[in-house]
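Asks: could you look at this predicted model? Sequence included:
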Amino acid sequence: MDINDRVYAAKKDPSEREKLIQEYTPFIIKQLSLFTNRYIDERNSDELSIGLIAFNEAIDSFDNTKGSFLSFSSMLIKRRLIDFLRQNQQNTIPLELYVEKGTDYEVENRKLEMISFVTLLSLYNITLDDLVKQSPKHSDTRKITTKIAYTICQNKKLLEYLKNKKNLPIKDLISILKVSRKTIEKHRKYIIALVIIISEDLPLLKQYISPESEVAKI
């Protein structure tokens with residue numbers, strides 16, 4: 001029985017609902033962690049309570065016309081978390097990026113992903129305006145920056161360095177890829193943004209990046 005069928009069974013059977021929620025609690029925690037970019041305490045967390053309530057709400061309101069249940073529940077968890085953060089004034093996300101209630105499901109999902117992206121960028125003091133200014137104009141430069149980003153994502157040491165230091169491992173990249181320091185520094189924010197898109201749960205934004213197979217191999 002796939003997840004969608006299990007959801008329909010859970011609508012009618014309280015014991016099946018409880019089993020489904022318990023089984024997918026790690027999924028709920030992961031969605032919350034990805035959105036807040038921090039550890040979620042299972043024992044004492046307002047966010048987890050919000051996530052569990054949202055998942056339960058998703059079971060009640062889901063139907064097959066809304067696609068995958070997990071995608072739908074993820075969207076609903078993020079929406080309810082945004083509501084919670086707004087009410088508690090804990091957010092630093094620009095208000096114009098908030099999702100309006102009652103919007104189309106796909107549009108809403110895109111907006112939620114953009115909110116996640118903006119939140120992750122802010123950890124590196126990067127704005128969307130910065131990306132517009134640093135976006136490479138030439139295709140060759142875009143290929144180089146994409147290659148750099150994939151190199152970081154494929155190397156655990158380089159990725160950890162970026163996440164911990166909030167800066168690019170420039171010396172290592174020069175050594176590995178034989179690219180100039182000037183190229184890396186000029187497009188630093190753009191490269192970091194690519195790494196975020198590739199390494200985080202941002203499937204819609206990933207569609208705008210050339211597949212790894214198109215990037216020159218090291």
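Replies: Perfect, thanks for sending it.
Asks: hmm, who's touching stretch 170-188?
Replies: Identification of contacts with stretch 170-188 by Cβ atoms under 8 Å, 6 or more residues apart in numbering yields 134, 136, 141, 144-145, 147-148, 151-152, 157-158, 161, 167-168, 191, 218. All C-beta spots, glycine's among them, are computed from the backbone N, C-alpha and C.
Asks: and it, what's buried?
Replies: Residues of stretch 170-188 classed as buried by neighbour count (16 or more other Cβ atoms under 10 Å): 173, 177, 179, 183-184, 187-188.
Asks: closest one of those residues to S33?
Replies: Of all those, R188 has the smallest distance to S33: 26.2 Å, by Cβ to Cβ.
Asks: quick check: the two most widely separated of the buried residues of stretch 170-188?
Replies: Taking Cβ to Cβ as the measure, those reach their widest spread between L177 and R188, a distance of 14.6 Å.
Asks: ok, which stretches of this structure are helices?
Replies: Listed from the start of the chain, the chain has helices (DSSP state H) covering 3-12, 14-23, 25-36, 46-61, 69-88, 105-122, 128-134, 139-154, 156-165, 170-177, 181-186, 188-199, 203-206.
Asks: what about the closest residue to A10 other than its chain neighbours, how many residues nearby?
Replies: Excluding the flanking residues, the one nearest A10 by Cβ to Cβ, 6 or more residues apart in numbering is R17, at 4.0 Å. R17 has 18 neighbouring residues, counting by other Cβ atoms under 10 Å.
Asks: contacting residues for R17?
Replies: Contacts here follow Cβ under 8 Å, 6+ apart; on that basis R17 touches 10-11, 56, 59.
Asks: filter these down to the buried ones.
Replies: Buried subset of those (neighbour count, 16+ other Cβ under 10 Å): 10, 56, 59.
Asks: could you single out the nearest of those to L81?
Replies: Within the buried ones among the contacts of R17, the smallest distance to L81 is 14.4 Å, found for N56 (Cβ to Cβ).
Asks: show me the contacts for the closest one.
Replies: With Cβ under 8 Å, 6+ apart, N56 has these contacts: 17, 21.
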